[in-house]
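Participant: With the input below, show me the fold.
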Amino acid sequence: MSSLKKKIRRLLPVVGLFGLAAVATPVSLGVLGLVSWGEAVLAVTVLFLGVAMIGLTVGLSRLRRSVLELSTSVRTQTGQVTELFGQDRLELARSLDGVRAEIKELRDSALPRAIHKITRAGVRSGRDDYEQQVAWTELREYLDVAPFMPPLRGWAASPDVLRVLVRIIDRDRPELVVECGSGSSSVWIGYALRKAGTGRLVAVEHDARYAELSRALVAAHALEDIVEVRHAPLAPVPAELADGVSAEVPWYDTEALGDLKGVGLVFVDGPPAATGPEARHPAVPALLPACADSAVFVLDDADRDEERALGDRWLAAHPELTRVEEATEKGAHVFTRTP
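Facilitator: As a prediction, this is how the structure comes out:
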């Protein structure tokens, strides 16, 4: 195509010269009088019309060629678009097949399992709520507490584990109860000791601000003569009490516990699990020497793997302890010291 254009450009001067000669010839003949001016004008007009016809023919030829090229391009692009649409439709069909398979899997297997789990969870939650309501009602009626008591469950101990503690207090009448942690449970244990007519509670708390809140709660129920909340910040466990626990996991500062003697009941509900692995392990090695011969340790949250593991270690290191598992909301293990 480019070579043809070059040839046409080369011929243009020659064609122009021939055109001028063709136009000049009738004019010259008219000037010489060999033809009339009318004939000369007619000849020039015919020449122009011929040139115009040639130009029109060339233009039409180029237009036809352009239309053919455009048609070819359209057919090519149409084919490509059709092919792409076909590929997209195939991929879409495959994707839909995958979606249909996943929906079938959900309908046939995953959805029934999820419904079963949700149903079981709902039944278990309803049963737990009922059990906690029963325990709450029993505690209120038995202890004859104030009309407005601090809430239980969640971060606080659940009513059913407090029911376990109240039964032990009522049975053993301990002179001293130690609680690892403080809060709502401190008030309820205080009421249990008042009901028993003997004993006092020392609740150790690592957070100074929370210790103040617990003291205010105790004061609001006029239990200061029975319940003492001590601030015992977290500190490294002494080597003789570590009992295999990593020195990186702190426990309550044992200096706050140095005066405790004759402990009959220990409620282990702290430090929080976020303190470190088996953060509650030092409770037995640290407090057992200060305990009475038949002391009882109650470990809350015993459904957690770490609490069960540290309970196993307590039993291995202290053969005088025996364990009974209580079916409470968070799990409670009762360790009794046999003289």
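
Participant: For Val178, identify the helix or strand it belongs to.
Facilitator: Taking DSSP states H and E as the definition, one finds Val178 inside strand 176-180.

Participant: how far does that strand sit from the chain's center?
Facilitator: Strand 176-180 sits 38 Å away from the centroid of its parent chain (C-alpha atoms, centre = their mean, to the nearest Å).

Participant: any idea of the mean pLDDT in that strand?
Facilitator: Along strand 176-180, the predicted confidence averages to a pLDDT of 97.

Participant: buried stuff in the helix or strand just after that strand?
Facilitator: Elements were assigned by DSSP H and E; along the chain past strand 176-180, the next helix or strand is helix 184-196. Of the residues in helix 184-196, those with enough neighbours to count as buried (16 or more other C-beta atoms under 10 Å) are 184-194, 196. (Each C-beta comes from the backbone N, C-alpha and C, glycine too.)

Participant: so where do the strands sit in the stretch 51-200 of the chain?
Facilitator: Per DSSP state E, counting those that start in this stretch, the stretch 51-200 of the chain carries strands over the ranges 176-180, 200-205.

Participant: possible to save those as a markdown table with mean neighbour count and distance to Ser109?
Facilitator: Rendered in a markdown table, the data for the strands of the stretch 51-200 of the chain read as follows (neighbours: other C-beta atoms under 10 Å; distance: least, C-beta to C-beta, whole Å):
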| stretch | mean neighbour count | distance to Ser109 |
| --- | --- | --- |
| strand 176-180 | 25 | 46 |
| strand 200-205 | 24 | 49 |
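
Participant: Looking at those, spot the one closest to Asp108.
Facilitator: strand 176-180 (50.0 Å; C-beta to C-beta).

Participant: How about Gly264: what's its closest non-neighbour residue?
Facilitator: Closest residue in space to Gly264, ignoring its immediate chain neighbours: Pro174 at 2.6 Å, by C-beta to C-beta, 6 or more residues apart in numbering.

Participant: how much space between that neighbour and Glu306?
Facilitator: Here Pro174 is placed at a distance of 27 Å from Glu306 (C-beta to C-beta, to the nearest Å).

Participant: what about those two, which has more around it?
Facilitator: Relative neighbour count places Pro174 above the other of Pro174 and Glu306, with 25 against 16, counting by other C-beta atoms under 10 Å.

Participant: any chance you could read off phi and psi for the more buried one?
Facilitator: Main-chain torsions, Pro174, degrees, to the nearest 10: phi -70, psi 140.

Participant: Could you pull up the residues touching it?
Facilitator: When the contact criterion is C-beta atoms under 8 Å, 6 or more residues apart in numbering, the partners of Pro174 are 168, 199, 263-265, 292, 295-296.

Participant: Mark which of those residues are buried, thanks.
Facilitator: Looking at the contacts of Pro174 with 16+ other C-beta under 10 Å, the buried ones turn out to be 168, 199, 263-265, 292, 295-296.

Participant: Return the subset of those lying in helices.
Facilitator: When the buried ones among the contacts of Pro174 are checked against helices (DSSP state H), the matches are Ile168.

Participant: what about the helices in the protein?
Facilitator: Counting by DSSP H, the chain forms helices over residues 2-32, 37-105, 111-143, 159-172, 184-196, 208-220, 239-242, 283-287, 305-317, given from the N-terminal end onward.

Participant: Can you tell me which of those has the worst average pLDDT?
Facilitator: helix 2-32 (a mean of 60).

Participant: got the buried ones among the contacts of Pro174 as TSV, with distance to Ala156 columns?
Facilitator: As requested, the buried ones among the contacts of Pro174 are exported to TSV (distance: C-beta to C-beta, whole Å):
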residue	distance to Ala156
Ile168	19
Gly199	21
Val263	22
Gly264	23
Leu265	18
Ala292	27
Ala295	24
Val296	21
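
Participant: so which of the buried ones among the contacts of Pro174 comes closest to Glu320?
Facilitator: Ala295 (9.9 Å).

Participant: Spit out the contact partners of that closest one.
Facilitator: 174, 263-266, 288, 336-337.

Participant: Let me have the residues you listed in TSV, adding distance to Trp155 as columns.
Facilitator: Formatted as TSV, the entries for the contacts of Ala295 read as follows, by distance: C-beta to C-beta, whole Å:
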residue	distance to Trp155
Pro174	25
Val263	25
Gly264	26
Leu265	22
Val266	20
Leu288	27
Thr336	27
Arg337	29
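
Participant: Return the distance of the longest strand anywhere in the chain from the chain's centre.
Facilitator: The strand spanning the most residues in the chain, taking DSSP state E as the definition, is strand 291-300. If you compare the mean C-alpha spot of strand 291-300 with that of the full chain, they lie 40 Å apart, counting by C-alpha atoms, centre = their mean.

Participant: same deal with stretch 311-324?
Facilitator: Counting by C-alpha atoms, centre = their mean, stretch 311-324 comes out at 38 Å from the chain centroid.

Participant: now stretch 235-251
Facilitator: Chain-centre distance of stretch 235-251: 33 Å, with C-alpha atoms, centre = their mean.
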